[in-house]
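1. compute the structure for the input listed below.
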Amino acid sequence: MSGVLEVRGLEVRYDGVQVLFGVDLDVAAGEVVALLGTNGAGKSTILRAISGVIKPSAGTVRIDGEDVTGRPAHKVVGTGIVQAPGGAGVFPSLTVRENLRIAGWPLRRDKAGWDAASERALDTFPELRERMDAVAGNLSGGQQQMLTLGMALLGQPSLLMIDELSLGLAPTIVERLLEVVRAIRDGGTSIVLVEQSVNLALTVASRAYFLEKGEVRFEGPTGDLLDRPDVLRSVFLEGVTSSARPRRAGRRAVEPAAASTDDELAALAALAALAVVDAVRSFGGVRAVDDLSFSVDPGEILGIIGPNGAGKTTVFDLVSGFLPLESGRVLLHGADITGLGPDRRARSGIGRSFQDARLFPGLTVREAIAVGLDQHVQLRDPIAIALGLSEANASELATAAKVEELLDLLHLDAYRDKFISELSTGTRRMVDLACILGHEPSVVLFDEPSSGIAQREAEHLGPLLQSVRDRTGAALVVIEHDMPLITSLSDRLLALDLGRLVADGPPRDVLRHPAVVASYLGGDPAAIARSGSTSPRPRPPRRRASR
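-> The predicted structure is shown next:
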């Protein structure tokens, strides 16, 4: 096969700090190559350098033998290189139609060509055809990823670079996108796939590159990578273990329970760490949360699963006070907090981890964790602090000691003085966890904690979250699409669909529920088992188009 992409000696610096060191990368015609690595290894940086978003400090990039090193992105697109960015591939304030028109700008003088390319993209993702006039920001995560890929296909690429295909997506959506990637490959397009899940990436890729700290640690057939535990290892979380508290028995049947009486609900709420009673929330006349009730016991870990758009994050917004309820109640340790704002709910004991790790970008890691400790600062008198009184010094030393403890626990010491804006998605996730630990809440809401972190980190995340529960005594509510992680972690699972409760019970039983399998899990083992010890092998291409 002839070469489509040839990268030699690629180096990139940000503000004088070198992040890529002599990277070599080759992609043949019609080949799928997986670009894997630890968090912050430079995977996305490689894609940006190839596509012209950033300028390399050294090295060369050739596409079909033509040197495109340092060309601006709008000229690189003309050579056949198209990038589908991870997690931010659409213009959220524009409609689907407008997004597609912008993506088709290289064909702006060829209406017939644009119409044909647009039809091919819409045939690939017919859901988009039905929502052409919908604002992209109102689409589900799966639909936004479909739109991102549809926009990329309008560029008619000879090389398609996909950053984080499965980020934040339900197994059924990932299964669908994997089939699309295979179809693109079988049409002769070369693909570079950046993916945190090794298991998933290796089902479609024939070769893999594995990066660590900006250098290639492995290059070769995907099957050989699975036999390299020295490469596939955890950087942050290895050695962080739980106290192995025994799993609680599921306390409910798999089918949703019948409506409880007011007395029963009151009794349940009095015993629970968190109770949501008859919650309702609508957007534009559509019920995102529909008469939902559930509770979490003190020290219990409750997993919530469901398709993209099922209402999972909306439930977290209602519990944490970022959205008001239309009707229903939220109770924390028996106290009704329905009327409280998010700040007062946080002070009352609710901790919230957002899917995108919302931290102050201008703070260093050490400063961000210190902010997370604010509730437990011993002295708040600004005059005493300004005068440097002994009580103020003691308070600052206590805060600093706690920060050091959290840096050590999550293996973040090397990042202590880096700004949040400089960190990879996975590293920001670790800082977010440190801030939550410092807050010491009684109920913690984790929204997709494995999102954006490497597979080996995800495999150690379960013991870490159990240690959060054991260190704080808090109840945990976890939204997660990684099935091995959520089933090994949770005492109980809730399955939601279209804002309603589908199943509630022990994890194994919930995952066997017919409605859960049909609406959420699908049938692709790679999409379901994103972490764990499975050993997937790539499916061979059905055909190759000559180039």
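2. look up phi and psi at the most centrally placed residue in the chain.
-> Centroid-nearest residue in the chain, with Cα atoms, centre = their mean: S451, separated by 2.3 Å. Phi and psi for S451, reported as degrees, to the nearest 10, are phi -60, psi 120.
3. so the closest residue to it other than its chain neighbours is in which element?
-> Leaving out its chain neighbours, the residue that sits closest to S451 by Cβ to Cβ, 6 or more residues apart in numbering is G168, at 5.2 Å. In this view, the C-beta of every residue, glycine as well, is placed from N, C-alpha and C. For G168, there is no host helix or strand (DSSP states H and E).
4. same deal with E11?
-> strand 3-14.
5. strand partners of that strand, parallel vs antiparallel please.
-> Using DSSP bridges, the strands paired with strand 3-14 in its sheet are strand 17-28 (antiparallel), strand 58-63 (antiparallel).
6. quick one: closest of these to E405.
-> strand 17-28 (27.3 Å; Cβ to Cβ).
7. tally of neighbours for D291?
-> Neighbourhood size, D291 [other Cβ atoms under 10 Å]: 15.
8. distance of it from G59?
-> Computed as Cβ to Cβ, to the nearest Å, the D291 to G59 distance reads 58 Å.
9. show me where the stretch 251-400 of the chain dips below the pLDDT cut-off.
-> Within the stretch 251-400 of the chain, the ranges that satisfy pLDDT under 70 run 251-270, 376-381, 384-390, 392.
10. quick revisit: now render the strands paired with strand 3-14 as TSV, adding mean pLDDT and mean neighbour count.
-> Converted to TSV, the strands paired with strand 3-14 look like this (pLDDT from 0 to 100; neighbours: other Cβ atoms under 10 Å):
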stretch	mean pLDDT	mean neighbour count
strand 17-28	93	17
strand 58-63	94	18
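11. V477 is nearest to which of those strands?
-> Nearest of these (Cβ to Cβ): strand 17-28, 35.9 Å.
12. helix or strand next in line after the closest one, which one?
-> Next along from strand 17-28, by DSSP H and E: strand 32-37.
13. helices or strands next to the following helix or strand past that next one in the packing?
-> Under the assignment DSSP H and E, the closest C-terminal helix or strand after strand 32-37 is helix 43-51. Helix 43-51 makes packing contacts with strand 3-14, strand 17-28, strand 32-37, helix 73-76, strand 81-84, strand 159-163, strand 190-194 when contacts are defined by 3 or more Cβ pairs under 8 Å, 6 or more residues apart in numbering; DSSP states H and E.
14. list the neighbouring strands of the last one plus their orientation.
-> Here strand 190-194 has these sheet partners by DSSP bridges: strand 32-37 (parallel), strand 159-163 (parallel).
15. pretty sure V315 sits against A279.
-> Yes: using Cβ atoms under 8 Å, V315 is in contact with A279, at 7.2 Å.
16. so between those two, which is more surrounded?
-> V315 (27 against 24).
17. element containing the more buried one, please.
-> Going by DSSP H and E, V315 is part of helix 312-320.
18. mind listing what E422 touches?
-> Y14 (Cβ atoms under 8 Å, 6 or more residues apart in numbering).
19. my bad, should have said E164
-> G86, G87, V194, E195, Q196, G452.
20. same thing but at 6 Å, please
-> Counting by Cβ atoms under 6 Å, 6 or more residues apart in numbering, E164 makes contact with G86.
21. tell me how far it lies from T69.
-> 25 Å.
22. next one: L489
-> Separation of L489 from T69 (Cβ to Cβ) stands at 45 Å.
23. what about the two, which has more around it?
-> L489 (25 against 18).
24. and that one, what's its pLDDT?
-> L489 carries a pLDDT score of 91 in this model.
25. contacting residues for it?
-> Neighbouring residues of L489 by Cβ under 6 Å, 6+ apart: I301, G462, L465.
26. circling back: which neighbours do V315 and A279 share?
-> With Cβ under 6 Å, 6+ apart, V315 and A279 have common neighbours V289.
27. can I assume the residue nearest to the centre of the chain is in contact with S166?
-> No: counting by Cβ atoms under 6 Å, S451 sits too far from S166 to count as a contact (9.4 Å).
28. still on that earlier bit, give me the angle between the strand holding E11 and helix 43-51.
-> Strand 3-14 runs at 120 degrees relative to helix 43-51, counting by axes from the mean of the first three to the mean of the last three Cα atoms, to 10 degrees.
29. contacts for strand 3-14, please.
-> 19-20, 22-29, 45, 49, 56-63, 159, 190.
30. export stretch 488-497 to PDB, keeping only CA atoms.
-> Taking Å, rounded to 0.1, in the frame of the first residue of the first chain, the C-alpha atoms of stretch 488-497 are listed here in PDB:
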ATOM      1  CA  SER A 488     -17.600  -3.200  39.400                       C
ATOM      2  CA  LEU A 489     -18.000   0.000  41.300                       C
ATOM      3  CA  SER A 490     -21.700   0.300  42.100                       C
ATOM      4  CA  ASP A 491     -23.800  -1.300  44.800                       C
ATOM      5  CA  ARG A 492     -26.900  -0.600  42.700                       C
ATOM      6  CA  LEU A 493     -27.700   0.600  39.200                       C
ATOM      7  CA  LEU A 494     -30.500   2.900  37.900                       C
ATOM      8  CA  ALA A 495     -31.300   2.800  34.200                       C
ATOM      9  CA  LEU A 496     -33.000   5.800  32.700                       C
ATOM     10  CA  ASP A 497     -34.600   6.400  29.300                       C
END
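31. may I see the buried residues of it?
-> The neighbour-count check on stretch 488-497 (16 or more other Cβ atoms under 10 Å) flags S488, L489, S490, D491, R492, L493, L494, A495, L496, D497 as buried.
32. since we're on the spatially closest residue to the third one that is not a sequence neighbour, how many residues are nearby?
-> Leaving out its chain neighbours, the residue that sits closest to S490 by Cβ to Cβ, 6+ apart is G303, at 3.5 Å. The criterion is other Cβ under 10 Å. On that basis, G303 has 24 neighbouring residues.
33. who's G303 bridged to?
-> Beta-bridge partners, per DSSP bridges, of G303: V478, L493.
34. I'd like the numbering to begin with 23 instead of 1 from here.
-> Sure, I'll start counting at 23 from here, so that last one is G325.
35. verify the stated contact: it with L507.
-> No: contact criterion Cβ under 6 Å: G325 and L507 do not qualify, at 9.0 Å.
36. with adjacent residues omitted, what lies nearest to A456?
-> L428 (4.3 Å).
37. how near is that neighbour to V490?
-> Counting by Cβ to Cβ, the gap from L428 to V490 is 11 Å.
38. G92 - that's part of a strand, no?
-> No: if the criterion is DSSP: H, G, I helix; E, B strand; the rest coil, then G92 is coil and not within a strand.
39. helix/strand/coil for the closest residue to it other than its chain neighbours?
-> The spatial neighbour of G92 that comes closest, neighbours along the chain excluded (Cβ to Cβ, 6+ apart), is K77 at 5.0 Å. Using three-state DSSP, the structure places K77 in coil.
40. likewise V524?
-> Applying three-state DSSP: V524 is strand.
41. which pLDDT value goes with it?
-> For V524, the model assigns a pLDDT of 93.
42. was I right about it contacting V539?
-> No: between V524 and V539 no contact is recorded; they are 10.7 Å apart, counting by Cβ under 6 Å.
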